[in-house]
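**Q** The amino acid sequence is not available; the structure is as follows:
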């Protein structure tokens, strides 16, 4: 087993969250988990093709960050992007149809699993090559700052969140974009989803500084280490970072210590990680922890949470039906959506 870092502690009772917000976040996490479980089923049944990278176990990061943002803020993802899209408000029908390669998908069936995009929901895309999305996110943050400061648009206070994995933080784009964001005080959150493994490479074997959040200090910006299996802890840090960015105080680096419950992709036999390591992290399931919190704080009871799960199961079954019945892209439009006129 790779050496474990001590997870930061967070007092959940200090979270300022009401029943409505608690259930909203819980529902978002359950939607992400059940959606990914259904993707696995559809993949193994031959309904999806190519590489499909699932998000199971990391739901607290997506829900904790994106649900702390506004609907007009921007989200930029990686190849593990389905759940980021759902948290950003892209309908499950459109995400599932995209995975089926259908015309009704959020990328018109052209993007598939790793290239989710939605202009309507300010989802800037999923990117297959690691680090590709960070400069795109930086550009979105720059235009917010430029519109506000140079063009005098007071409504241009949108914040951008760039999600990426631990393996990306040894790449040039990461350092270059942190530097530029700090220099220009851009409204961006750099969100590292440190799930300990870059495909089959253990993080401790690949980086000379394994505590990624400490890399923020080189650029003079705040860096936070957070328990990425606790949605309330992620939310607490994200709210601070979002408020800071919106106030014009610049970027924040957030390292979320999390874990993927499945292999790197559905084609990965997942033989490199020890069973003891998997068991230890699965015991920290973020959805189970949120359920316990909602019940302990009398914000919901077990029956309500069960009803939410059943409703989401039906919602995802409807999404599969929608995807199966949707039309394939027309061969006549093979060259469409390549240039900006569309």
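**A** Yep, it's here. This is a predicted model, so every value here is computed, not measured.

**Q** Run through the helices of this structure in chain order.
**A** 19-44, 59-66, 82-87, 92-99, 133-149, 172-184, 203-206, 231-246, 275-282, 286-296, 302-325 (DSSP state H).

**Q** can you list those in a markdown table and add mean pLDDT, mean neighbour count and distance to residue 256?
**A** (Each C-beta comes from the backbone N, C-alpha and C, glycine too.) Putting these into a markdown table (pLDDT from 0 to 100; neighbours: other C-beta atoms under 10 Å; distance: least, C-beta to C-beta, whole Å) gives the following:
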| stretch | mean pLDDT | mean neighbour count | distance to residue 256 |
| --- | --- | --- | --- |
| helix 19-44 | 98 | 19 | 14 |
| helix 59-66 | 98 | 29 | 5 |
| helix 82-87 | 98 | 27 | 13 |
| helix 92-99 | 98 | 26 | 22 |
| helix 133-149 | 97 | 20 | 16 |
| helix 172-184 | 97 | 18 | 15 |
| helix 203-206 | 92 | 14 | 13 |
| helix 231-246 | 97 | 22 | 6 |
| helix 275-282 | 96 | 13 | 13 |
| helix 286-296 | 97 | 18 | 11 |
| helix 302-325 | 98 | 15 | 23 |
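
**Q** closest to residue 191 out of those helices?
**A** Counting by C-beta to C-beta, residue 191 lies closest to helix 59-66 out of those; the figure is 5.6 Å.

**Q** Now tell me what touches the closest one from outside.
**A** Helix 59-66 is touched from outside by 25, 28-29, 32-33, 55, 75, 83-84, 86-88, 161, 163, 189, 191, 193, 228-235, 238, 254, 256, 258, 286-287, 290, with contacts defined as C-beta atoms under 8 Å, 6 or more residues apart in numbering.

**Q** same check, this time on stretch 98-106
**A** Against stretch 98-106 from outside (C-beta under 8 Å, 6+ apart): 39, 42, 47-49, 52, 82, 85, 90, 93-95, 97, 107, 109, 111-113, 116-118, 123, 322-324, 326-330.

**Q** end-to-end on it?
**A** With C-alpha to C-alpha, to the nearest Å applied, stretch 98-106 spans 6 Å between its terminal residues.

**Q** Give the closest residue to residue 126 in space, chain neighbours not counted.
**A** residue 81 (3.2 Å; C-beta to C-beta, 6 or more residues apart in numbering).

**Q** mind checking how far the one you found is from residue 224?
**A** 23 Å (C-beta to C-beta, to the nearest Å).

**Q** same deal with residue 103?
**A** 41 Å.

**Q** Is residue 79 in contact with residue 131, as I believe?
**A** No - if you go by C-beta atoms under 8 Å, residue 79 and residue 131 don't touch, sitting 11.4 Å apart.

**Q** For the closest residue to residue 287 other than its chain neighbours, give me its contacts.
**A** Leaving out its chain neighbours, the residue that sits closest to residue 287 by C-beta to C-beta, 6+ apart is residue 29, at 5.2 Å. Counting by C-beta under 8 Å, 6+ apart, residue 29 makes contact with 59, 60, 63, 231, 286, 287, 290.

**Q** same question, residue 255
**A** Residue 255 touches 192, 194, 211, 212, 213, 223, 224, 225, 226, counting by C-beta under 8 Å, 6+ apart.

**Q** Would you report the backbone torsion angles of the residue nearest to residue 324 when sequence neighbours are not counted?
**A** In space, and not counting its chain neighbours, residue 324 is closest to residue 100: 7.0 Å by C-beta to C-beta, 6+ apart. Note on residue 100: its backbone torsions stand at phi -90, psi 0 [degrees, to the nearest 10].

**Q** Contact partners for residue 15?
**A** Counted by C-beta under 8 Å, 6+ apart, residue 15 has contacts 232, 235, 236.
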